[in-house]
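>>> please work out how this folds:
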Amino acid sequence: MAAGLAGALALTACSGGSGNGDGSSSAPSASGSSSSATGSSTATGASAKLQGSWITTAKGTIVALVINGEQAGIFSTGGSVCSGTAGAEDGMQMIRLTCPDGGKDRTTGMVDSADGTTLKVTWSGKTGQETYTKAEGGKLPSGLPTVPVKQ
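The predicted structure follows:
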């Protein structure tokens, strides 16, 4: 299961560069500082500290949150896949996701803190606050609990 999730992380991290026809997100936006110079009050890309792949465990499943520029996605080994945006809104870093299966547990999240290795997000659904660990180089971080393999 972990290998499949790591593969999904690698594919998701690479897929963010393709243009979707609107032209607004085709330029790299990892350096969120350029949008702050314009003085715009609309939502802007996620800060550099949020960029990348983040992992946590919840109720026996691995949950991966991937942020690439303004794009965000969340995947769990339980089969849930949601996608949307991440960025600054009214001085806060927010994550807004839509889940095709209708799930509401992780659709609106406010970033409480991010330090480059740990990310804390409070979700508006019943999930509440989760703490994620940065996954470097497409690899799962060490120290994650393992799920017993059913035979």
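>>> give me the below-cutoff pLDDT ranges for the chain.
The model of the chain has pLDDT under 70 over residues 1-45, 138-151.
>>> let's see that with 90 instead.
1-49, 58-60, 77-80, 101-105, 116, 125-126, 136-151 (pLDDT under 90).
>>> now do the strands in it.
For the chain, strands defined by DSSP state E occupy the ranges 44-45, 52-58, 61-68, 71-76, 81-89, 92-98, 108-114, 118-123, 129-135.
>>> reformat these as a markdown table; add mean neighbour count.
Glycine gets a C-beta too; all of them are placed from N, C-alpha and C. What follows is those, written out as a markdown table (neighbours: other C-beta atoms under 10 Å):
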| stretch | mean neighbour count |
| --- | --- |
| strand 44-45 | 22 |
| strand 52-58 | 21 |
| strand 61-68 | 23 |
| strand 71-76 | 22 |
| strand 81-89 | 20 |
| strand 92-98 | 18 |
| strand 108-114 | 17 |
| strand 118-123 | 19 |
| strand 129-135 | 17 |
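>>> for the nearest residue to A135 once chain neighbours are set aside, which residues make a bridge with it?
Nearest residue to A135, sequence neighbours excluded (C-beta to C-beta, 6 or more residues apart in numbering): S53, at 4.2 Å. Under DSSP bridges, the beta-bridge partners of S53 are V66, A135.
>>> S53 is in contact with V66, isn't it?
Yes: S53 is within contact range of V66, at 5.0 Å (criterion: C-beta atoms under 8 Å).
>>> dig out what C82 forms beta bridges with.
C82 has these beta-bridge partners by DSSP bridges: I74.
>>> what of the one 5 residues further on?
When bridges are assigned using DSSP bridges, the partners listed for G87 are G45, M94.
>>> now it: how far from L50?
Distance of G87 to L50, computed by C-beta to C-beta, to the nearest Å: 9 Å.
>>> intersection of neighbour lists for those two?
Q93 (C-beta atoms under 8 Å, 6 or more residues apart in numbering).
>>> I'd like the distance between E89 and E130.
19 Å.
>>> tally of neighbours for K49?
17 (other C-beta atoms under 10 Å).
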